[in-house]
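Peer 1: Turn this into a structure:
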Amino acid sequence: MKTVFDAVDKVYEILDVADLKSLTQGGVYRKGERPANSTSTDVTVTSLSSSEGVVSDALINVNIYAQDIKTKGNESFYEVPNNEVLNIATSKVVELLKGNIGQFWSDGNLFIENIFGPLSEEKIKQHFINIRVKVKFRANYN
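Peer 2: You can find the predicted model right below:
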């Protein structure tokens, strides 16, 4: 039987590739695996929700983190999103996800539902892009 954990693992497998890792200079992580206070450009894959049934829906969060950059204001420096890095990494993630539409599982599919951001992660001086991926699949009950 497939569950939301299988959906997370499948999205993780799609993104855990050298093409993306070389752009991020960080890693691709499942929930809870990202190193605390990482300053790398990292990608995380987590679940938000899941429905139960013969055909199930899972909502998967893909977050792309990038270290803020300092820019000079009138009298001091302040931190802003590194939009160049976020854009490059987001484009690659979207390309990888779209390359698997219709090929996700023989009995399932994925859709990019929304892309948000950049959102602030002030504690670690990073911003991130949030991509919500909807996965539809047959649970294959026995």
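Peer 1: Give me the most central residue, this protein.
Peer 2: Residue closest to the average C-alpha location in the chain (CA atoms, centre = their mean): residue 62, at 1.8 Å.
Peer 1: pretty sure that residue contacts residue 11?
Peer 2: Yes. Applying CB atoms under 8 Å, one finds residue 62 in contact with residue 11, separated by 6.7 Å. For glycine as for every other residue, the C-beta is placed from the backbone atoms N, C-alpha and C.
Peer 1: Overlap of the contact sets of those two?
Peer 2: 45, 97, 133 (CB atoms under 8 Å, 6 or more residues apart in numbering).
Peer 1: okay, those residues in CSV with secondary structure and distance to residue 75 next?
Peer 2: Formatted as CSV, those follow (DSSP: H, G, I helix; E, B strand; the rest coil; distance: CB to CB, whole Å):
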residue, secondary structure, distance to residue 75
45, strand, 41
97, helix, 43
133, strand, 43
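Peer 1: The protein: strands as residue ranges?
Peer 2: For the chain, the strands defined by DSSP state E cover 28-30, 42-50, 55-67, 69-72, 77-80, 108-121, 126-138.
Peer 1: hmm, who's touching the shortest one?
Peer 2: The set of residues that contact strand 28-30 without belonging to it, under CB under 8 Å, 6+ apart, is 8, 9, 12, 15, 16, 20, 21, 42, 43, 44, 45, 46.
Peer 1: The same query, at a cut-off of 10 Å, please.
Peer 2: Strand 28-30 has contacts (CB atoms under 10 Å, 6 or more residues apart in numbering) with 5, 8-9, 11-17, 20-21, 34-35, 38, 42-47, 62-65, 93.
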